[in-house]
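quick one: sequence and predicted model below, then my questions.
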Amino acid sequence: IPRLYALARFYRKHGVLTLAGGQHPDFLPTEALENDIDVVVHQEGELTVKEVLQTWQAKEDFGGVQGVSFLGPNGTLETTPSRPPITDFERLPLPHFGLLRFAKVTIFPVSRVRGCGNNCEFCSVKGKARCGSAERLVEQFAYLAETYRARKFFIVDDHFAQDRDESIRFCRLLADYQKRMGLRFFIFIQIRLEMAQDEELIDAMKECGIRVLAIGFESVIDEELRSMKKGMRARDMLDWTQRFRNAGFILHGMFIFGYPHRKGHRCDLGLKERVRRYKRFLRKARLDTVQVLHPVPLPGTALRARMEREGRLLSGDEISWEYYDGNFPLIQPDAPFQAEEIQSATLRIMRGFYRFNAMFMVALRVLLFPLAMLPLINVRSRFRSWYRPWRRNILGFAGWSLIQKWKKRFRADPFRQKLRRVLSRRRSGSVET
């Protein structure tokens with residue numbers, strides 16, 4: 001967000017109209033407008049942005065455009081009536097990636113579903129899912145493959161299989177397209193873990209080139225899963241993970257460590273035991289990559305509203321938006337833990353997964369490659385059996401390297417000093433009260 005405002009300041013200084021959209025300015029329009037944004041576009045932007053530009057070129061007032069906020073003549077916030085959600089996606093043009101003149105896209109984003117019906121407390125994407133047709137998504141793939149020679153894609157829908165039957169139909173249509181064109185795609189998706197029970201869906205996903213699954217596990221501790229209302233247990237998660245692994249998918253696991261419990265829920269586990277459970281789960285699950293992050297109280301989420309009510313937000317003037325990336329503690333954790341303890345524990349889990357000695361395993365597997373291919377039958381299956389742990393070891397060492405770089409930057413960053421000042425003022429306020 002600070003980078004957004006810096007860019008807006010630069011362009012506005014040169015007489016360029018500045019627009020901002022997305023979850024943050026959508027929920028905090030006044031902040032955006034006070035930081036060199038001319039117009040905040042709420043919700044979806046395809047139709048709104050077009051009208052904003054036409055209005056600006058005609059030198060008319062933005063008050064006639066639905067779904068925007070701007071500062072009126074006297075400097076007060078003005079917000080127009082909301083624009084109805086888009087339901088007819090066929091009328092929208094396909095994204096023009098040729099406009100990205102100074103960026104090289106290697107993984108192309110595509111989408112079919114907007115909204116998410118899972119209603120997670122920590123997420124701002126809400127509402128009943130609105131789905132485009134399977135043909136529309138295949139059209140996006142075909143356009144990008146034939147125009148930009150795209151072969152790698154990320155379907156950015158929050159849950160790929162929200163519209164299960166249409167998702168399966170899409171997979172089959174895309175598989176037919178690849179066969180006709182002699183192409184092979186490599187596709188990333190986000191999906192709920194329990195979909196591992198759906199064998200028909202899994203077969204269709206494999207057939208169309210879906211290779212990488214990003215899965216929100218959120219926690220491996222049953223008490224926390226109940227607090228989050230995930231509706232699953234750690235042992236079920238291991239079973240479903242194994243099903244996805246057996247199907248040949250590359251798995252990326254996403255976790256939230258130190259999630260604050262709701263009233264009526266509690267977890268008496270100590271920090272050491274929590275870290276031990278995470279490490280044990282990750283060892284058994286054999287995920288290819290993981291990210292273990294802190295709970296982030298994003299604007300517009302029920303989590304942020306709850307933390308504000310409970311007086312547990314640690315962010316403010318000192319700890320601002322540049323720390324909202326999941327790597328920093330931004331809320332006061334459940335007693336008796338402290339924010340810095342939670343951060344140290346998160347790093348221990350990550351260091352336990354991404355290890356320096358993975359580099360030696362990479363070398364060892366290269367040396368063992370000829371033996372792994374013998375005898376020369378079922379070569380493709382043998383190669384896949386060799387390749388997956390080799391790839392995981394490479395990522396393990398790469399992850400270790402990234403963690404070392406992050407730790408170096410963290411030591412140079414003033415976050416710890418800022419956090420201690422915030423906590424000191426909080427304790428002083430409690431004493432005075």
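Thanks, I have it.

chain center to the strand ranked longest in the chain, what's the gap?
If you go by DSSP state E, the chain has its longest strand at strand 210-218. Relative to the chain's own centre, strand 210-218 is displaced by 10 Å; criterion: CA atoms, centre = their mean, to the nearest Å.

let me see the residues that make contact with that strand.
171, 186-193, 224-225, 228, 230, 237, 241, 244, 249-256, 259 (CB atoms under 8 Å, 6 or more residues apart in numbering). The way it works is simple: take the backbone N, C-alpha and C, and place the C-beta from them, glycine included.

may I see the buried residues of the following helix or strand past that strand?
Remark: after strand 210-218, the chain's next helix or strand is helix 222-228, criterion DSSP states H and E. For helix 222-228, burial by neighbour count (16 or more other CB atoms under 10 Å) applies to 222, 224-228.

which one among those gets closest to residue 415?
Distances from residue 415 to the buried residues of helix 222-228, taken as CB to CB, are shortest for residue 224 (25.0 Å).

just to revisit the earlier point, need the max-distance pair from the buried residues of helix 222-228.
Top of the distance list for the buried residues of helix 222-228 (CB to CB): 222 and 228, 10.7 Å.

ok, and the closest non-adjacent residue to residue 394?
Excluding the flanking residues, the one nearest residue 394 by CB to CB, 6 or more residues apart in numbering is residue 362, at 5.6 Å.

and for residue 64?
residue 55 (6.7 Å).

any idea which helix or strand carries the residue nearest to residue 394?
helix 358-372.

so which elements touch that helix?
helix 379-412 (3 or more CB pairs under 8 Å, 6 or more residues apart in numbering; DSSP states H and E).

pull out the buried positions in the helix it packs on.
386, 390, 392-393, 395-397, 399-400, 403.

next one: stretch 41-52
41-45, 47-49, 51-52.

the residues you listed in helices, which ones?
47-49, 51-52 (DSSP state H).

rebuild these as TSV, extending it with pLDDT and distance to residue 71.
Shown next, in TSV, are those (pLDDT from 0 to 100; distance: CB to CB, whole Å):
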residue	pLDDT	distance to residue 71
47	94	22
48	96	17
49	96	18
51	96	18
52	97	14
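
lowest-pLDDT helix or strand in this structure?
Here the helix or strand of the chain ranked lowest by mean pLDDT, DSSP states H and E is helix 415-432, holding a mean of 79.

can you name every helix or strand that that one contacts?
helix 339-353.

ok, back up a step: thought the residue nearest to residue 394 was touching residue 390?
Yes: with contact defined as CB atoms under 8 Å, residue 362 reaches residue 390; the gap is 6.5 Å.

would JSON lines of the buried residues of stretch 41-52 with distance to residue 330 be doable?
Output for the buried residues of stretch 41-52, formatted as JSON lines (distance: CB to CB, whole Å):
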{"residue": "41", "distance to residue 330": "26"}
{"residue": "42", "distance to residue 330": "25"}
{"residue": "43", "distance to residue 330": "26"}
{"residue": "44", "distance to residue 330": "28"}
{"residue": "45", "distance to residue 330": "28"}
{"residue": "47", "distance to residue 330": "35"}
{"residue": "48", "distance to residue 330": "31"}
{"residue": "49", "distance to residue 330": "31"}
{"residue": "51", "distance to residue 330": "36"}
{"residue": "52", "distance to residue 330": "33"}
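
now, which of the residues you listed sits nearest residue 121?
The closest of these, once distances to residue 121 are taken by CB to CB, is residue 43, at 20.8 Å.

before we move on, the earlier item: neighbouring strands - and their directions - for the longest strand of the chain?
Here strand 210-218 has these sheet partners by DSSP bridges: strand 186-190 (parallel), strand 250-256 (parallel).

tabulate those (a markdown table), appending distance to residue 328 and mean neighbour count.
A markdown table is the format used below for the strands paired with strand 210-218 (distance: least, CB to CB, whole Å; neighbours: other CB atoms under 10 Å):
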| stretch | distance to residue 328 | mean neighbour count |
| --- | --- | --- |
| strand 186-190 | 24 | 19 |
| strand 250-256 | 13 | 20 |
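
out of those, flag the one nearest residue 2.
strand 250-256 (23.8 Å).

how far out from the middle of the chain is the least confident helix or strand of the chain?
Worked out by CA atoms, centre = their mean, helix 415-432 lies 31 Å from the chain centre.

same check on stretch 77-92?
24 Å.

got a list of contacts for it?
Contacts for stretch 77-92 (CB under 8 Å, 6+ apart): 29-30, 33, 42-44, 46-48, 62-72, 114-115, 127, 130, 132-133, 136.

in strands only, show me those.
Per DSSP E, the contacts of stretch 77-92 map to strands at 68-71, 114, 130.
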